[in-house]
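Trainee: predicted structure and sequence below. I'll ask about it afterward.
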Amino acid sequence: MKLNKIMAFKLLLSLVVMIGFTSCSKKSSNNSSSKATGWKINDKKGGFQYASNFKKQETGPGLVLVEGGTFTMGKVQDDPMHDWNNTPNQQHVQSFYMDETEVTNLMYMEYLDWLKKVFPPDEDNYKNIYEGAIPDTLVWRDRLGYNESMTNNYLRHPAYAEYPVVGVNWIQATEFSKWRTDRVNESVLEREGYLKKDAKVTDVKADATFSTNTYLAAPSKTFGGSEEIVLKGRKGSKGAGKGGVKNAKGEVQEAKNVYAQRTSGLILPEYRLPTEAEWEYAAAADVGQREYNTYKGQKKYPWSGSYTRSKKRSIRGDQLANFKQGKGDYGGIAGWSDDGADITNKVKSYPPNDFGLYDMAGNVAEWVADVYRPIVDDEANDFNYFRGNVYMKDKIGEDGKAELVTAETQKFDTMPNGKIIARSFPGEIAQVPVDEKETYLRQNFDKSDERNYRDGDKQSSRFFDFGSAEEGDKLKDEQRMYDSPKHNVSTDSLGNMIRKYDKSNKRTTLVNDDVRVYKGGSWKDRAYWLDPAQRRYFPQDMATSYIGFRCAMSRVGPKSDKKKSARN
């Protein structure tokens, strides 16, 4: 009996200790003091403000999560073109977000409408901004075909609102992505109470727009420095939001004179074109090939199986993508259409792949971020592979503050066809190339423009002239890995085009630092281009009726949202 009392006492004592330990743990977890200094974080009286309750990155509009992993890039089952430009190599891609569908005409027209309202084309300072963003609708014309209906209607008619936008060159797609980044972050900050409600619609002006980079670097200069729009602290927000600042009691902190920062966890990374590795990984969706923790091999198409027709009973025989069936056959006979389309088709008309992405084969081919080269240099990098880095930095004035672009200093590019495209907008922070201050003694990069790294330098070019006595264009030509034509198109002070075409008969290739990869088959392509590993290239300043695009966004934080299993 006495022994039982002793055992009971020990059990009760252990329970008391456990309860005390648990309460201490909870107290510790709720403590908002710094583990480094012991100072309070998110204190009402000031101090370091940090989103200590941050859970995960918010999914931006139109995006779905693509969990990263390893895959065999460049592996094709059929290679009828014999381009020898997709040698299989093992790559790893970090998790990222990607547009569920291609960018549609409606989405792009929203961009055009914003540009037209903010930068009126009838004003001299802004006349080229709107015109430079308009897609080339003449891409539909054909010397021996009547396509005027698409030329006149495809972009703007409501019947084509949910069709993928075409006639957009790589540069225009990149500029759309930048615009989208600013509009989404502008909306997030308004929702969270850091910007005046509806300012993005009613108060926007050409010299007072919102730029994400400007807000992060110099928030007081956003919207032209208007304190009525750019608020210090949170005003009128509904709760703390996903990245709001709370104290240990779970109360929302109304820190005064504090703008949203990266530490707030609210600002989303930029929308951008996906890299070739990301696009191919997302299109292949090998995640659907896993079965009982085994991998069944790479797929030929974004869907399972070696055929383009569905095996499902309800839609058996239907084509799973929009592509050219054969010579003169873009959609079957009347009354029984193979794929339901002749040109492009409405997005989401075909089943998604295993990542939930639509039209990763067919409909339109898509621009990706990479500069084209016949080989993927997996010996240099097998993690987030990308060729096309051009590193820039904010321009800092003599007063130590970031310089903003104005109507007088904004930059334009003149395309070979004479079209002028804006590459910067008033209110943005001016960008300049990185210099020796950033590159000196670095091992990971050595200059601002890395597009031709290991491709045109001494280590890679067998035609490089190691002598230094000869100067001029001849030496520069010999230093280039690819002897593509060097055209120079510009405008004079009166706006007249000055065309200087390279008429040399020694040019043997079109490959240079300004040609970009595009992936996936289109409504105009045969089935073998539907393989995600197929790759082609096109000049970045030209557009077609069969190339569109979709955006991607990097993921910050963990690889996936799955909770780790306890491992004791």
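Mentor: Right, received. Where do you want to start? Numbers count the residues shown, from 1 in each chain.

Trainee: tell me the phi and psi of the spatially most central residue of the chain?
Mentor: The centroid of the chain falls nearest to Arg272 when counting by C-alpha atoms, centre = their mean (2.0 Å). Backbone torsions of Arg272, given as degrees, to the nearest 10, read phi -160, psi 170.

Trainee: ok, what's across the strand from it?
Mentor: In this structure, Arg272 bridges to Ala552 when assessed by DSSP bridges.

Trainee: can you check the pLDDT for it?
Mentor: With respect to pLDDT, Arg272 scores 98.

Trainee: surely it and Gly388 touch.
Mentor: No. Using C-beta atoms under 8 Å, Arg272 is not in contact with Gly388, being 11.0 Å away. Using the backbone N, CA and C atoms, a C-beta is placed for each residue, glycine as well.

Trainee: between these two, what contacts are shared?
Mentor: Ala369 (C-beta atoms under 8 Å, 6 or more residues apart in numbering).

Trainee: which residues does Asp449 contact?
Mentor: Val390, Tyr391, Pro433, Asp513.

Trainee: related to what we said a few turns ago, contacting residues around the residue nearest to the centre of the chain?
Mentor: Thr174, Ser177, Thr181, Ala369, Cys551, Ala552, Met553.

Trainee: tally of neighbours for the fifth one?
Mentor: Yep, that's Cys551 we're talking about. 23 (other C-beta atoms under 10 Å).

Trainee: next, the contact list for the nearest residue to it once chain neighbours are set aside, please.
Mentor: Excluding the flanking residues, the one nearest Cys551 by C-beta to C-beta, 6 or more residues apart in numbering is Tyr271, at 4.4 Å. By C-beta under 8 Å, 6+ apart, the contact list for Tyr271 reads Gly60, Ser177, Lys178, Arg180, Thr181, Val184, Cys551, Ala552, Met553.

Trainee: what distance do you get for Tyr271 to Gln90?
Mentor: 28 Å (C-beta to C-beta, to the nearest Å).

Trainee: ditto for Leu320
Mentor: 28 Å.

Trainee: show the pLDDT at Thr508.
Mentor: With respect to pLDDT, Thr508 has a value of 82.

Trainee: got it, and Asp483?
Mentor: On pLDDT, Asp483 comes in at 78.

Trainee: got the phi and psi for it?
Mentor: As for Asp483, its main-chain torsions (degrees, to the nearest 10) stand at phi -90, psi 60.

Trainee: list the contacts for it?
Mentor: Asp477, Lys506, Arg507, Thr508, Thr509.

Trainee: count of neighbours near Arg550?
Mentor: Arg550: 30 neighbours (other C-beta under 10 Å).

Trainee: for it, give me its contacts.
Mentor: Contacts of Arg550 (C-beta under 8 Å, 6+ apart): Met98, Asp99, Thr101, Glu102, Val103, Pro274, Glu366.

Trainee: strand partners of the helix or strand Val517 falls within, parallel vs antiparallel please.
Mentor: Counting by DSSP states H and E, the element that carries Val517 is strand 515-519. If you go by DSSP bridges, strand 515-519 pairs up with strand 365-371 (antiparallel), strand 535-539 (antiparallel).

Trainee: just these: most buried one?
Mentor: strand 365-371 (a mean of 25; mean count of other C-beta atoms under 10 Å).

Trainee: can you mark which positions in the next helix or strand after that one are buried?
Mentor: Later in the chain than strand 365-371, the nearest helix or strand by DSSP H and E is strand 392-394. By 16 or more other C-beta atoms under 10 Å, the buried positions in strand 392-394 come out as Asp394.

Trainee: could you do stretch 39-57 as well?
Mentor: Buried residues in stretch 39-57, counted by 16+ other C-beta under 10 Å: Lys40, Ile41, Asn42, Gln49, Tyr50, Ala51, Asn53, Phe54, Gln57.

Trainee: ok, these vs Asn86, which is closest?
Mentor: Distance to Asn86 across the buried residues of stretch 39-57 (C-beta to C-beta) is lowest for Gln57, with 32.2 Å.

Trainee: check contacts around that closest one.
Mentor: Neighbouring residues of Gln57 by C-beta under 8 Å, 6+ apart: Leu268, Arg555, Val556, Gly557.

Trainee: Thr174 now?
Mentor: With C-beta under 8 Å, 6+ apart, Thr174 has these contacts: Arg272, Leu273.

Trainee: pLDDT below threshold where in the chain?
Mentor: Within the chain, the segments meeting pLDDT under 70 span 1-31, 45-46, 236-257, 288-298, 314, 336-337, 456-481, 564-568.

Trainee: how about the helices of it, start to end?
Mentor: For the chain, applying DSSP state H gives helices covering 2-30, 105-118, 127-133, 148-153, 170-191, 199-202, 212-217, 276-284, 436-439, 473-479.

Trainee: and the fifth one, how far from the chain's centre?
Mentor: Read that as helix 170-191. Mean-position distance between helix 170-191 and its chain equals 10 Å (C-alpha atoms, centre = their mean, to the nearest Å).

Trainee: cool, and stretch 325-345?
Mentor: 32 Å.

Trainee: tell me the buried residues in that stretch?
Mentor: Gln325, Tyr330, Gly331, Asp338, Asp339, Ala341, Ile343, Thr344, Asn345.

Trainee: likewise stretch 399-417?
Mentor: Ala402, Glu403, Leu404, Val405, Gln410, Thr414, Met415.

Trainee: kindly export stretch 366-382 (C-alpha atoms) in PDB.
Mentor: As requested, C-alpha coordinates have been extracted for stretch 366-382 and formatted as PDB (Å, rounded to 0.1, in the frame of the first residue of the first chain):
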ATOM      1  CA  GLU A 366       5.400  30.700 -75.300                       C
ATOM      2  CA  TRP A 367       8.300  33.000 -74.700                       C
ATOM      3  CA  VAL A 368      10.800  32.100 -71.900                       C
ATOM      4  CA  ALA A 369      13.400  34.300 -70.400                       C
ATOM      5  CA  ASP A 370      16.600  32.600 -71.800                       C
ATOM      6  CA  VAL A 371      18.900  33.700 -74.500                       C
ATOM      7  CA  TYR A 372      19.200  30.800 -77.000                       C
ATOM      8  CA  ARG A 373      22.300  28.700 -77.400                       C
ATOM      9  CA  PRO A 374      22.500  25.300 -79.100                       C
ATOM     10  CA  ILE A 375      23.700  23.700 -75.800                       C
ATOM     11  CA  VAL A 376      22.700  24.000 -72.200                       C
ATOM     12  CA  ASP A 377      25.900  24.300 -70.200                       C
ATOM     13  CA  ASP A 378      25.100  21.900 -67.300                       C
ATOM     14  CA  GLU A 379      28.800  21.700 -66.500                       C
ATOM     15  CA  ALA A 380      28.700  25.300 -65.300                       C
ATOM     16  CA  ASN A 381      25.400  25.100 -63.500                       C
ATOM     17  CA  ASP A 382      22.800  22.400 -62.700                       C
END
